[in-house]
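J.: My questions are about this predicted structure, shown below with the sequence.
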Amino acid sequence: MLIVALAALALLYAFWFRDDKYRLAAMLVFALPTLLCLTGVMLGSARAAFWAGVLALFWFSHGVMVAWSRPAEAAQAWAEIALSLAVITASSWPGLRARFGRRRPPAP
């Protein structure tokens, strides 16, 4: 799920900022970190999954700000909010499962 959410987020940014006046800067700030995290997660890096979750907090905040302040971009902003929440959930899931999952009985 994390790979799908990161890929969708990268595609969203590529679509969203395709005609932006500062396209290169937007791609460096939004799409590049997403793609780097995606690459790391695909290679099985737990550190990349952690950083994807941390960066998703930034992406969530950006989406809320845009949804609130620029109604013309609300659809992209709500998609960013939903995908960033998916990234946070998917990157946190292994730790949540380890913490709150069923405990194994001690080995005899």
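T.: Looks like it arrived, so ask away.
J.: chain center to the top helix by length along the chain, what's the gap?
T.: Of all the segments of type helix in the chain, defined by DSSP state H, the longest one is helix 74-100. With CA atoms, centre = their mean, to the nearest Å as the basis, the distance from the averaged C-alpha position of helix 74-100 to the chain average is 7 Å.
J.: In the chain, where is pLDDT below threshold?
T.: When the per-residue scores of the chain are filtered using pLDDT under 70, no range remains.
J.: Kindly recompute the last result at 90.
T.: Low-confidence regions of the chain, defined here as pLDDT under 90, cover residues 19-20, 94-108.
J.: all helices for it, in order.
T.: Applying DSSP H to the chain gives helices spanning 2-16, 23-26, 32-42, 46-69, 74-100.
J.: Convert the C-alpha atoms of the shortest one to PDB, please.
T.: In PDB, the C-alpha atoms belonging to helix 23-26 read as follows (Å, rounded to 0.1, in the frame of the first residue of the first chain):
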ATOM      1  CA  ARG A  23       7.700  23.900 -12.200                       C
ATOM      2  CA  LEU A  24      11.300  23.000 -11.500                       C
ATOM      3  CA  ALA A  25      11.200  24.200  -7.900                       C
ATOM      4  CA  ALA A  26       7.900  22.500  -7.300                       C
END
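J.: buried stuff in that helix?
T.: Ala26 (16 or more other CB atoms under 10 Å). Any C-beta I mention is one placed from the backbone N, CA and C, and that applies to glycine too.
J.: Output the helices of the chain as JSON lines; include the columns distance to Pro108.
T.: Shown next, in JSON lines, are the helices of the chain (distance: least, CB to CB, whole Å):
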{"stretch": "helix 2-16", "distance to Pro108": "36"}
{"stretch": "helix 23-26", "distance to Pro108": "58"}
{"stretch": "helix 32-42", "distance to Pro108": "37"}
{"stretch": "helix 46-69", "distance to Pro108": "31"}
{"stretch": "helix 74-100", "distance to Pro108": "23"}
